[in-house]
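S.K.: need a 3D model of the following:
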Amino acid sequence: MKFYQTITLKNGKEAILRNGDAADGEAVLEVFIKTHEETDYLLTYPEENTSTPEEEAEFLSEKTESENGIEIIAIVDEKVVGTAGIGAHGTKYKEKHRADFGISVLKEYWGLGLGTALTRACIECAREAGYAQLELSVVADNEAAVSLYRKEGFVEYGRNPKGFNSRISGYQEVIDMLLDLE
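M.R.: Next up, the predicted model:
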């Protein structure tokens, strides 16, 4: 799946949002690790990632060639600063109408509109891919993210009080949210 968009951030800088490709593998992996170091709201800790730059490059190539998935990278000043993507929730007939959504942005770019732009880009791609529903899980204490998702039309459909077990704060409540794309 292909995507390309140029936006202006709240600080006046230009950001390019585009699908990642094999050449971006190392930079995307570095951003993945750094974003997972900067917040306790993401699913994994940096050392739990076992991908190599080559494997990340392959993942990005597969997403670019996919008809129903994408990994969008955000570039500011020629540097990857965030990623967001969608993928099929499942391949069985009863689930193939559902897509999962994930996003991470370097902390220095929080509050500039990049999360909103990446979310909207993934919503657009999910619709283009023919999904009926886009789903995500978010830590309840991540108020900025929860607010963003609600603003974009996602609704809560469940909570898990022990959804994540943080090394820092103990159990974290996780909210499951979905967006009806039809």
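S.K.: tell me the SS of the residue nearest to Lys151 when sequence neighbours are not counted?
M.R.: Spatial nearest neighbour of Lys151, excluding adjacent residues (Cβ to Cβ, 6 or more residues apart in numbering): Thr116 at 7.7 Å. For the C-beta atoms, the positions are set from N, CA and C on the backbone; glycine is no exception. Following DSSP: H, G, I helix; E, B strand; the rest coil, we place Thr116 in the helix state.
S.K.: show the contacting residues for Thr116.
M.R.: Leu148, Lys151, Glu152 (Cβ atoms under 8 Å, 6 or more residues apart in numbering).
S.K.: if we use 10 Å, what do you get?
M.R.: Neighbour list for Thr116: Ile7, Lys10, Leu148, Lys151, Glu152 [criterion: Cβ atoms under 10 Å, 6 or more residues apart in numbering].
S.K.: the last one contacts Ala126, correct?
M.R.: If I follow you right, that is Glu152. No: counting by Cβ atoms under 10 Å, Glu152 sits too far from Ala126 to count as a contact (11.6 Å).
S.K.: can you put the contacts of Thr116 in a markdown table and add pLDDT, neighbour count and distance to Gly25?
M.R.: Shown next, in a markdown table, are these (pLDDT from 0 to 100; neighbours: other Cβ atoms under 10 Å; distance: Cβ to Cβ, whole Å):
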| residue | pLDDT | neighbour count | distance to Gly25 |
| --- | --- | --- | --- |
| Ile7 | 98 | 18 | 24 |
| Lys10 | 97 | 10 | 29 |
| Leu148 | 97 | 17 | 28 |
| Lys151 | 98 | 10 | 32 |
| Glu152 | 98 | 16 | 29 |
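S.K.: can you redo those residues as a markdown table with distance to Tyr171 and secondary structure?
M.R.: Formatted as a markdown table, the contacts of Thr116 follow (distance: Cβ to Cβ, whole Å; DSSP: H, G, I helix; E, B strand; the rest coil):
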| residue | distance to Tyr171 | secondary structure |
| --- | --- | --- |
| Ile7 | 37 | strand |
| Lys10 | 34 | coil |
| Leu148 | 23 | helix |
| Lys151 | 27 | helix |
| Glu152 | 27 | coil |
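S.K.: who touches both of Glu152 and Ala126?
M.R.: By Cβ under 10 Å, 6+ apart, the residues touching both Glu152 and Ala126 are Leu134, Leu179.
S.K.: from the contacts of Thr116, which is closest to His89?
M.R.: Comparing the contacts of Thr116 against His89 with Cβ to Cβ places Glu152 closest, at 18.5 Å.
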